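Q: Fold the following and give me the result.
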Amino acid sequence: MMPKKDDTAQQNPTAPVDDDEPDEWDKRIFSTGCANENANLTDCYWHKKDWRACTKEMEIFRACWKKNNNDERTSTQDNTDKK
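A: Predicted coordinates:
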């Protein structure tokens, strides 16, 4: 007997769920107004495996973050310590 389509998830609980709905993390990123910049930054890191190679993307993300007043919204501050 072939399993019904609805039974597949029950038989394989580790199967990935196809869910296009934004989760809480997505909602928070979208609310910053910098979702594209965040995606570009994380893509850069994924490809290069070194944040130091992604300084351009980080500066673009940081500028977007400030432009959208996210520092005030999240109570973050720039690290002004120079090493």
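
Q: Burial check on the spatially closest residue to Ala35 that is not a sequence neighbour, number of neighbours?
A: Residue nearest to Ala35 in three dimensions, not counting chain neighbours: Ile29, with 4.9 Å by CB to CB, 6 or more residues apart in numbering. Yep, even glycine has a C-beta here, placed from its N, CA and C like the rest. By the measure other CB atoms under 10 Å, the count of residues near Ile29 is 17.

Q: So Ile29 is in contact with Glu37, correct?
A: No: Ile29 is beyond contact range of Glu37, at 9.7 Å (criterion: CB atoms under 8 Å).

Q: quick one, what contacts Cys44?
A: Ala53, Cys54, Glu57 (CB atoms under 8 Å, 6 or more residues apart in numbering).

Q: May I ask which helix or strand encompasses the nearest residue to Met58 once chain neighbours are set aside?
A: Of all residues not flanking Met58 in the chain, Leu41 sits nearest, at 6.1 Å (CB to CB, 6+ apart). Here Leu41, judged by DSSP states H and E, is contained in helix 35-48.

Q: Name the next helix or strand following that helix along the chain.
A: Toward the C-terminus, helix 35-48 is succeeded by helix 55-67 as the next helix or strand (DSSP H and E).

Q: What are the buried residues along that following helix?
A: Glu57, Met58, Ile60, Phe61, Arg62, Cys64, Trp65 (16 or more other CB atoms under 10 Å).
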